[in-house]
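K.L.:
how would this look folded up:
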Amino acid sequence: MSSIIDTVIAHHREYFPRSADCALFASPGRINIIGEHIDYNGGNVLPAAIDKHIYICISRNNDGIIRFVSANHKETGEVAINNLHSPQTKAHAAHAWWVYPYGACVLSNIEFDCGLDFSFYSTLPVGAGMSSSASITVGTLYALYSLNNIIIKSKDLALQAQKVEWDFAGVKCGIMDQMAIINGKKDNAIMLNTKTMEFSYVPVDTSAVRFILVNSGVKHSLRESGYNDRRRECDRALLLLKEAGFAINELCDCSVDDLIQIQNILPQTEYKRTYHVITENNRVLQFAREIQQYNLTKAGELLYKSHQSLSVYYEVSIPLIDEMVEWASDIDGVYGSRLMGGGFGGCTINMVALYAVEHFTRTIAQKFKKKENRTPEIYECSIEDGTRRIE
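P.N.:
All right, here's what the predicted structure looks like:
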């Protein structure tokens, strides 16, 4: 940890040589083990914070300016405190990478009595489905409140971070990423009810399994993908079911037994989306039971079923991702594999026996290289604590 701290602080002082004392925070990315496209439909999800982070270094300045620097990409942005809430600034930031920390500054409602210099250093791959946008947003809010000695509940911080995505980045995301990033706990997944925002911890035996991500190299942007389309289709399905007499507030209020009746009510597209949502919600609960009982094979089978549903019913997979899941299923020691994240690219998440990690990594890379003529990025993830101050 000390080496990364030294690196982050060195980058900060390179850009802000006048900075004296600075505070350093770590905000993790997250994996979602199972429960995809459920968090905006009132269901259960099973994410976990991981050992890949966005590091946020902050120092004060007397210039009346909030500055943002991406140390990895050497990109900068700034806004005068007096212009922080202006519509022109918001419109300009909407097209910049620093829209997330900027939005966090605005929605924090903190009265800035001096300028701030932010630098961000990431070990979190962008566009791979590990929620870099939520990580930077949650981390910025957490840092702001910490510096100002403000105590805020994790639920309220998560809701603010979600609102940044909605109002500033234009992505109608659910609440899963934010809650997982702020509430992460080492060697535990989070069973989160996205309707009530209540959660509990589900221990994961990391001496038996690892979760390994394989990046397709197809970078997705939720703003450019069909994410918002899927959300609208779910909203349309919910409205139609309510009009048909279903006493529900969310699609996940329906049970698997309701699907026969639902099929006769909804148009084909809305039915397919609803089918995925309802069955995926059920799979999350099943997975948590199986993994806590050390039924790893049964838990892994649920990951494969999740992927099939995402591909066939929710239609957010791509042919390369489908192939990657198929390759994984043929490798000894792999319990399960599926598309992770919003879809249209990104990573597969693979549940692999500890003894098979090296074999899996080598074999999947060979299969990928043969098909795509390039080497994939592969990430073995440890399950770690959530956003925190480290210096």
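
K.L.:
Run through the protein and note the low-pLDDT ranges.
P.N.:
Within the chain, the stretches with pLDDT under 70 are 1, 127-129, 220-225.

K.L.:
Please report how far residue 30 lies from residue 135.
P.N.:
Relative to residue 135, residue 30 is positioned 8 Å away (criterion: CB to CB, to the nearest Å). Just so you know, the C-beta spots here come from the backbone N, C-alpha and C atoms, and that holds for glycine as well.

K.L.:
Quickly list what's touching both of those two.
P.N.:
With contacts defined as CB atoms under 8 Å, 6 or more residues apart in numbering, the residues shared by residue 30 and residue 135 are 177, 181.

K.L.:
Roughly how far does residue 184 sit from residue 368?
P.N.:
Residue 184 sits 29 Å away from residue 368, going by CB to CB.

K.L.:
the more surrounded of these two?
P.N.:
Comparing residue 184 with residue 368 by other CB atoms under 10 Å, the one with more neighbours is residue 184, at 25 against 22.

K.L.:
any idea what the nearest residue to that one once chain neighbours are set aside is structurally, helix, strand or coil?
P.N.:
Counting by CB to CB, 6 or more residues apart in numbering, residue 184 lies nearest to residue 49, which is 2.4 Å off, once chain neighbours are set aside. Assigned by DSSP: H, G, I helix; E, B strand; the rest coil, the conformation of residue 49 is strand.

K.L.:
For burial, what's the neighbour tally of residue 49?
P.N.:
Number of residues near residue 49 (other CB under 10 Å) recorded here: 30.

K.L.:
what is it paired to in the beta sheet?
P.N.:
Assessed by DSSP bridges, residue 49 has beta-bridge partners residue 30.

K.L.:
Same question for residue 349.
P.N.:
With DSSP bridges applied, the residues forming beta bridges to residue 349 are residue 213, residue 338.

K.L.:
Please look at residue 116 and residue 61 and confirm they touch.
P.N.:
Yes: counting by CB atoms under 8 Å, residue 116 touches residue 61, with 6.8 Å between them.

K.L.:
which parts of stretch 162-170 are buried?
P.N.:
By neighbour count, with 16 or more other CB atoms under 10 Å as the criterion, the buried positions of stretch 162-170 are 162-165, 168-169.

K.L.:
Columns secondary structure and distance to residue 356 on top of those residues, output as JSON lines?
P.N.:
JSON lines is the format used below for the buried residues of stretch 162-170 (DSSP: H, G, I helix; E, B strand; the rest coil; distance: CB to CB, whole Å):
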{"residue": "162", "secondary structure": "helix", "distance to residue 356": "37"}
{"residue": "163", "secondary structure": "helix", "distance to residue 356": "42"}
{"residue": "164", "secondary structure": "helix", "distance to residue 356": "40"}
{"residue": "165", "secondary structure": "helix", "distance to residue 356": "37"}
{"residue": "168", "secondary structure": "helix", "distance to residue 356": "43"}
{"residue": "169", "secondary structure": "helix", "distance to residue 356": "38"}
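
K.L.:
Just send the residues you listed back as TSV, with distance to residue 343 too.
P.N.:
Rendered in TSV, the data for these read as follows (distance: CB to CB, whole Å):
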residue	distance to residue 343
162	19
163	23
164	22
165	17
168	23
169	18
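
K.L.:
What is the nearest of those to residue 20?
P.N.:
Distance to residue 20 across the buried residues of stretch 162-170 (CB to CB) is lowest for residue 164, with 29.0 Å.

K.L.:
quick one, what contacts the spatially closest residue to the closest one that is not a sequence neighbour?
P.N.:
Across the structure, with CB to CB, 6+ apart as the measure, the residue nearest residue 164 apart from its sequence neighbours is residue 103 (3.7 Å). By CB under 8 Å, 6+ apart, the contact set of residue 103 is 93, 137, 164, 167-169.

K.L.:
try it again with 10 Å
P.N.:
Counting by CB atoms under 10 Å, 6 or more residues apart in numbering, residue 103 makes contact with 90, 93-94, 137, 140-141, 160-161, 163-169.

K.L.:
pretty sure residue 378 is touching residue 361, no?
P.N.:
Yes: using CB atoms under 10 Å as the test, residue 378 is close enough to residue 361 to be in contact (5.5 Å).

K.L.:
Compare the two (neighbour count), which wins?
P.N.:
Comparing residue 378 with residue 361 by other CB under 10 Å, the one with more neighbours is residue 361, at 20 against 17.

K.L.:
Would you mind measuring from that one to residue 304?
P.N.:
Shown here: residue 361 relative to residue 304, a distance of 20 Å by CB to CB.

K.L.:
likewise residue 250?
P.N.:
Using CB to CB, residue 250 is found at 26 Å from residue 304.

K.L.:
Check residue 217 too.
P.N.:
Residue 217 sits 22 Å away from residue 304 when distances are taken as CB to CB.

K.L.:
Strands of the chain, start to end?
P.N.:
23-34, 44-61, 65-70, 75-80, 115-122, 188-193, 199-203, 209-215, 334-340, 347-353, 378-381, 388-389 (DSSP state E).

K.L.:
could you dump those to JSON lines with distance to residue 274?
P.N.:
JSON lines is the format used below for the strands of the chain (distance: least, CB to CB, whole Å):
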{"stretch": "strand 23-34", "distance to residue 274": "18"}
{"stretch": "strand 44-61", "distance to residue 274": "16"}
{"stretch": "strand 65-70", "distance to residue 274": "40"}
{"stretch": "strand 75-80", "distance to residue 274": "41"}
{"stretch": "strand 115-122", "distance to residue 274": "36"}
{"stretch": "strand 188-193", "distance to residue 274": "19"}
{"stretch": "strand 199-203", "distance to residue 274": "25"}
{"stretch": "strand 209-215", "distance to residue 274": "28"}
{"stretch": "strand 334-340", "distance to residue 274": "19"}
{"stretch": "strand 347-353", "distance to residue 274": "24"}
{"stretch": "strand 378-381", "distance to residue 274": "31"}
{"stretch": "strand 388-389", "distance to residue 274": "38"}
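
K.L.:
do you know which of the ones you listed lies nearest residue 244?
P.N.:
Of all those, the one in closest proximity to residue 244, counting by CB to CB, is strand 44-61 (24.4 Å).
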